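[1] Just to be clear, the model below is a prediction. Sequence and coordinates:
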Amino acid sequence: MNPRGRRRTTATATGAGAALLLLLATGCGAADMTKQASPFANAQGAKTVTLSIQSWVGAQANVAVAQYLLEHELGYRVDTVQVDEVPAWDALSQGRVDALLEDWGHPEQEQRYVKDKKTIVDGGGLGVTGHIGWFVPTYFAKEHPDVTDWRNLDKYASQLRTPESGGKGQLLDGSPSYVTNDKALVKNLDLDYEVVFAGSEAAQITQIKRFAQQKKPFLTYWYMPQWLFEEVPMTEVKLPAYKEGCDADPGKVACAYPHTPLRKYLNADFARDGGRAAAFLKKFKWTTEDQNAVSLLIADQKLTPQDAAEKWVKDNESKWRSWLTS
């Protein structure tokens with residue numbers, strides 16, 4: 001959900017959105033979804049913007065607020081397209097989407113499209129720093145403080161077994177399409193754990209909530225920012241310190257995930273010719289607290305993304321008004 005710096009090899013899928021929503025089921029980034037994007041993207045003369053939307057709730061919050069302001073303050077029609085992370089770069093390069101508002105770090109795509117082909121431009125920082133890690137529920141960490149050091153995890157493997165993990169402790173992951181080094185970490189750190197994929201962020205949240213309601217211990221791959229921390233407090237397990245390049249070889253990773261400032265990217269033609277919409281998206285920048293506030297409205301209070309965005313916009317004019325200025 002490397003947050004950041006997480007080098008996502010592919011991405012996720014669910015979404016909130018507007019007129020057009022593509023549900024994309026891809027495996028390992030193999031599918032090319034660029035030809036299934038919005039027919040309105042980059043339409044000549046149309047006052048339309050097409051935004052790529054990612055599956056996790058924080059990304060939905062970004063798009064919902066941007067969409068609301070583009071439509072209600074700037075008079076644009078906004079279309080959203082759900083595309084997995086790597087295919088989103090292809091779609092963005094081809095102009096089938098105009099902007100990607102939350103990227104967790106894809107250096108290979110950045111090199112190819114931003115530096116070499118120059119079909120995508122960096123749209124600036126989102127204002128949010130992401131981080132992936134391993135977490136245990138805080139109630140378990142308080143009872144067993146040493147569990148927060150990876151070297152002590154095997155001591156608790158028997159308490160963390162599930163039917164899915166067999167005779168080993170369970171490390172709960174979300175979707176195999178997320179950026180994850182967990183299988184390599186378990187192997188290279190010689191831990192008595194099995195990585196078990198829930199299948200999606202929503203399924204992982206359901207399992208975490210179930211464990212928490214029963215006050216059971218669990219070990220999970222998770223990421224910040226994420227609204228669930230407000231409902232289920234979790235404490236990070238310290239993995240071997242991250243150093244630049246320690247995750248360069250996916251099979252040899254034996255270090256923590258980095259902390260990465262999340263960035264926005266725009267189609268190069270749209271960045272040049274997109275007028276007030278492009279200028280607005282470049283200036284769109286908010287805090288982790290802002291994103292979490294909208295995410296909570298969507299995921300916890302069950303507001304639609306549009307209603308959540310409207311509420312945040314009405315309560316925070318001092319924050320977004322400057323995004324609209326030329």
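    Structure received.
[2] following the longest helix along the chain, which helix or strand comes up?
    Ordering each helix of the chain by length in residues (DSSP state H) puts helix 57-72 first. Once the chain leaves helix 57-72, the next helix or strand it forms, by DSSP states H and E, is strand 77-82.
[3] show me the contacts for Thr206.
    Contact criterion CB atoms under 8 Å, 6 or more residues apart in numbering gives Ala198 as the residues in contact with Thr206. The way it works is simple: take the backbone N, C-alpha and C, and place the C-beta from them, glycine included.
[4] Which strand or helix spans it?
    helix 201-213.
[5] hmm, back to that, kindly format the C-alpha coordinates of the longest helix of the chain as PDB.
    What follows is helix 57-72, C-alpha atoms only, in PDB (Å, rounded to 0.1, in the frame of the first residue of the first chain):
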ATOM      1  CA  VAL A  57      -8.000   4.500   0.300                       C
ATOM      2  CA  GLY A  58      -5.300   7.200   0.600                       C
ATOM      3  CA  ALA A  59      -5.000   7.400  -3.100                       C
ATOM      4  CA  GLN A  60      -8.700   7.600  -3.500                       C
ATOM      5  CA  ALA A  61      -8.700  10.500  -1.000                       C
ATOM      6  CA  ASN A  62      -6.200  12.400  -3.200                       C
ATOM      7  CA  VAL A  63      -8.300  11.900  -6.300                       C
ATOM      8  CA  ALA A  64     -11.600  12.700  -4.700                       C
ATOM      9  CA  VAL A  65     -10.400  16.100  -3.400                       C
ATOM     10  CA  ALA A  66      -8.700  17.000  -6.600                       C
ATOM     11  CA  GLN A  67     -11.800  16.000  -8.600                       C
ATOM     12  CA  TYR A  68     -14.100  18.000  -6.400                       C
ATOM     13  CA  LEU A  69     -12.000  21.200  -6.700                       C
ATOM     14  CA  LEU A  70     -11.500  20.700 -10.500                       C
ATOM     15  CA  GLU A  71     -15.200  20.300 -11.000                       C
ATOM     16  CA  HIS A  72     -16.600  22.800  -8.600                       C
END
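[6] quick one on the thing from earlier: tell me the buried residues in the helix holding Thr206?
    Glu201, Gln204, Ile205, Gln207, Ile208, Phe211, Ala212 (16 or more other CB atoms under 10 Å).
[7] Phi and psi next, for the nearest residue to the third one once chain neighbours are set aside.
    In this structure, Ile205 finds its nearest non-sequential neighbour in Leu228, 5.9 Å apart by CB to CB, 6 or more residues apart in numbering. For Leu228, the backbone dihedrals (degrees, to the nearest 10) come out as phi -60, psi -30.
[8] Likewise for the one 10 residues further on?
    The phi and psi values for Lys238, taken as degrees, to the nearest 10, are phi -80, psi 120.
[9] Next SSE downstream of the helix holding Thr206?
    Counting by DSSP H and E, what follows helix 201-213 is strand 219-224.
[10] So what's the gap between the very next helix or strand once past that next one and the chain middle?
    Moving toward the C-terminus from strand 219-224, the next helix or strand (DSSP H and E) is helix 228-231. The chain centre lies 16 Å from the centre of helix 228-231; the measure is CA atoms, centre = their mean, to the nearest Å.
[11] got it, and stretch 293-307?
    With CA atoms, centre = their mean, you get 16 Å for stretch 293-307.
[12] tell me which residues of that stretch are tucked away?
    In stretch 293-307, counting by 16+ other CB under 10 Å, buried: Ala293, Val294, Ser295, Leu296, Leu297, Ile298, Ala299, Leu303, Pro305, Gln306.
[13] which ones are touching the first one?
    What that stands for is Ala293. Taking CB under 8 Å, 6+ apart, one finds Trp312 in contact with Ala293.
[14] how about it, secondary structure?
    Three-state assignment for Ala293 (DSSP: H, G, I helix; E, B strand; the rest coil): helix.
[15] Check it and give its pLDDT.
    Looking at Ala293, its pLDDT is 94.
[16] got it, and the fifth one?
    In this prediction, Leu297 carries a pLDDT score of 95.
[17] And the last one, by the same measure?
    In this model, Gln306 is scored at 96, pLDDT.
[18] Specify the angle between the helix or strand it falls within and strand 77-82 in degrees.
    Using DSSP H and E, Gln306 sits within helix 305-315. Helix 305-315 runs at 130 degrees relative to strand 77-82, counting by axes from the mean of the first three to the mean of the last three CA atoms, to 10 degrees.
[19] What segments of the stretch 151-300 of the chain are helices?
    For the stretch 151-300 of the chain, the helices defined by DSSP state H, counting those that start in this stretch occupy 182-188, 201-213, 228-231, 268-273, 275-283, 288-299.
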